[in-house]
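**Student:** Predicted coordinates and the sequence they were generated for:
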Amino acid sequence: MASIIDPRNDALRTHPPSSVQVLTTNGSNWLWAVTAVFGVTLLALFAHKFRARGGERFFHYLFIVANFVGLIAYFAMAADLAWDSIVQANQRDNGITRQIFWAKYVFWVVSFPAIIIALGVLSGISWATIFFNVVLSWIWIISYLIAAYTPSNYKWGFFAFGVLAHLFLALSTLQHGLRSSTRVGIRRDYTMLAGYANFLWLLYPIAWGVSDGGNVIGITQSFIFFGILDLLLVVGFSLATIFLSRRWDYGRLNIAFTQYGRVPTHTGTYPEKGAANAATIPAGTRTTAAV
């Protein structure tokens, strides 16, 4: 039986690292634990979406995708995959190389926009502003990725570009989003969610600066830092949004998605369910179910 059920983590033996600064077995164990949390959250969100009314599953879909990508990314990193060996600035003569796991940047490219879209839709800002905020997050993350792959102090220039994009994003979500959420009457919940996300986002530059940027802490320590941040940001934000959404009037907020798109449903009913609307739909027209 012991030979069938082997509790040992053999990821580093199967995929051995080749840098100086590398992931340890304890670090891999931690990453497997984070992977499990993303997996459980994914299943919980998928199951819970069946309890939501038709047209009120938008946030479920958004966070199912974010947690799914988190599951895949952390699975890859726990297995010691999806990385490159990069020479570190100011340590070139010593031949110091570090594992740069690009999988976490791929995860952020998906998870950060998911949170931004959720905040944007909730606050009622325009789709153009939401798109602008999403692109800002991509500039932020891609700048950090390029910086992580830069083996000289020029990396801090790319880091500065990322910080600038981050500041623009924070200003938009905290100022424009807050003003718009006040107009639609959901200021308190929006303030809590936006404040929570921006506080955690504020810690990412610090975590990056002492890990992939400055090589101050090791791979395992950096993953403990990033793993906690990612769990609090993605899992925590997902569950908080779903919990708070129970008291939101999707019709009043104009976030009820129907076969007609994002349309006002102030009466709490959906256009396709009305007899008058049904009568106006030409025979043979194919309709789709609400999300």
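**Tutor:** Everything's here; your move.

**Student:** what ranges do the helices span in the stretch 151-291 of the chain?
**Tutor:** 155-171, 177-183, 187-208, 219-230, 237-244, 250-253, 275-280 (DSSP state H, counting those that start in this stretch).

**Student:** For my notes, please list these in CSV and give mean pLDDT for each entry.
**Tutor:** Listed next are those as CSV, based on pLDDT from 0 to 100:
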stretch, mean pLDDT
helix 155-171, 97
helix 177-183, 84
helix 187-208, 95
helix 219-230, 97
helix 237-244, 94
helix 250-253, 74
helix 275-280, 45
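
**Student:** most tightly surrounded among the ones you listed?
**Tutor:** helix 219-230 (a mean of 20; mean count of other Cβ atoms under 10 Å). All C-beta spots, glycine's among them, are computed from the backbone N, C-alpha and C.

**Student:** what's the residue closest to the geometric middle of the protein?
**Tutor:** residue 111 (1.7 Å; Cα atoms, centre = their mean).

**Student:** And that residue, how far from residue 161?
**Tutor:** 20 Å (Cβ to Cβ, to the nearest Å).

**Student:** Same question for residue 180.
**Tutor:** In terms of Cβ to Cβ, residue 180 sits 27 Å off from residue 161.

**Student:** ok so, going back, surely the residue nearest to the centre of the chain is in contact with residue 231?
**Tutor:** No. The criterion here is Cβ atoms under 8 Å, and residue 111 misses it with residue 231 at 11.0 Å.

**Student:** contacting residues for the closest residue to residue 136 other than its chain neighbours?
**Tutor:** Excluding the flanking residues, the one nearest residue 136 by Cβ to Cβ, 6 or more residues apart in numbering is residue 169, at 4.4 Å. Applying Cβ atoms under 8 Å, 6 or more residues apart in numbering, we find residue 169 in contact with 116, 133, 136, 137, 140, 201.

**Student:** Show me which of these is closest to residue 175.
**Tutor:** residue 133 (11.8 Å; Cβ to Cβ).

**Student:** close enough to count as contact, that closest one and residue 116?
**Tutor:** Yes. Residue 133 sits in contact with residue 116 when judged by Cβ under 8 Å, with a separation of 4.7 Å.
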